[in-house]
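J.: Model the structure of this input:
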Amino acid sequence: MTTLTVRKQDGAYVLDSAAGPRASLRTGWTWRRAEIRTGTGLWTVAPTDRRRIGFTAQAEHGAAVRLDPRQSHVPGPGGVARWAPGRRGGELVRDGHRLAVRLPGRPGGPIRVDVSGEWAEVDLVALTACFALMSRRRRRTLIMMAVIGGAGRGPV
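T.: Next comes the predicted model:
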């Protein structure tokens, strides 16, 4: 099993391994879109729906990664991939190979990515999964802030 770490560095999230930095993820403040830069190019990541359940990473030639609990696609040979997001992390499984992402308890801490088996474009897939989970967390935070802000006004 290989363990990768994603840390915030100079305004971007950098995917590190034992060999050093491998790829980066840069987002906007709303977390609706992001750019992933890997050794193979630049990818745009965005949710496929309003509730931020599904996400795609694509370049000008089409989608390379699609993470959705109903239908996922990742590069490389193999069977159907299954994406299972949760509150603190998510797991992508295909043909017995597993990519598990664990978010930190507090925002801003390092993200742990455990990779078992062979994955094509592992940097792209790992950062897409990280963005999907962090974007969902950001959406939940904004909703909670709106509810708390609206509830504190009382009768006028």
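J.: Please state the offset of the strand or helix carrying Arg22 from the chain centre?
T.: Taking DSSP states H and E as the definition, Arg22 sits inside strand 20-27. From the chain centre to the centre of strand 20-27 is a distance of 12 Å (C-alpha atoms, centre = their mean, to the nearest Å).
J.: What strands line up against it, and which way round?
T.: Note on strand 20-27: by DSSP bridges, its sheet partners are strand 12-17 (antiparallel), strand 34-38 (antiparallel).
J.: For it, give me every contacting residue.
T.: Contact with strand 20-27 is made by 4, 6, 11-16, 33-39, 45, 123-124, 127, 130-131, 134-135, as judged by C-beta atoms under 8 Å, 6 or more residues apart in numbering. For glycine as for every other residue, the C-beta is placed from the backbone atoms N, C-alpha and C.
J.: repeat that for 10 Å
T.: Applying C-beta atoms under 10 Å, 6 or more residues apart in numbering, the external contacts of strand 20-27 come out as 4, 6-17, 33-40, 43, 45, 121-124, 126-128, 130-131, 134-135, 138.
J.: Would you mark the buried spots in that strand?
T.: Arg22, Ala23, Ser24, Leu25, Thr27 (16 or more other C-beta atoms under 10 Å).
J.: Just send those back as CSV, with pLDDT too.
T.: Below are those laid out as CSV (pLDDT from 0 to 100):
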residue, pLDDT
Arg22, 83
Ala23, 94
Ser24, 94
Leu25, 95
Thr27, 90
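J.: tell me the two of those that are most distant?
T.: Arg22 and Thr27 (17.8 Å; C-beta to C-beta).
J.: could you dump the strands paired with strand 20-27 to CSV with mean neighbour count and mean pLDDT?
T.: CSV is the format used below for the strands paired with strand 20-27 (neighbours: other C-beta atoms under 10 Å; pLDDT from 0 to 100):
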stretch, mean neighbour count, mean pLDDT
strand 12-17, 19, 90
strand 34-38, 21, 94
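J.: Arg88 is nearest to which of those?
T.: strand 12-17 (17.2 Å).
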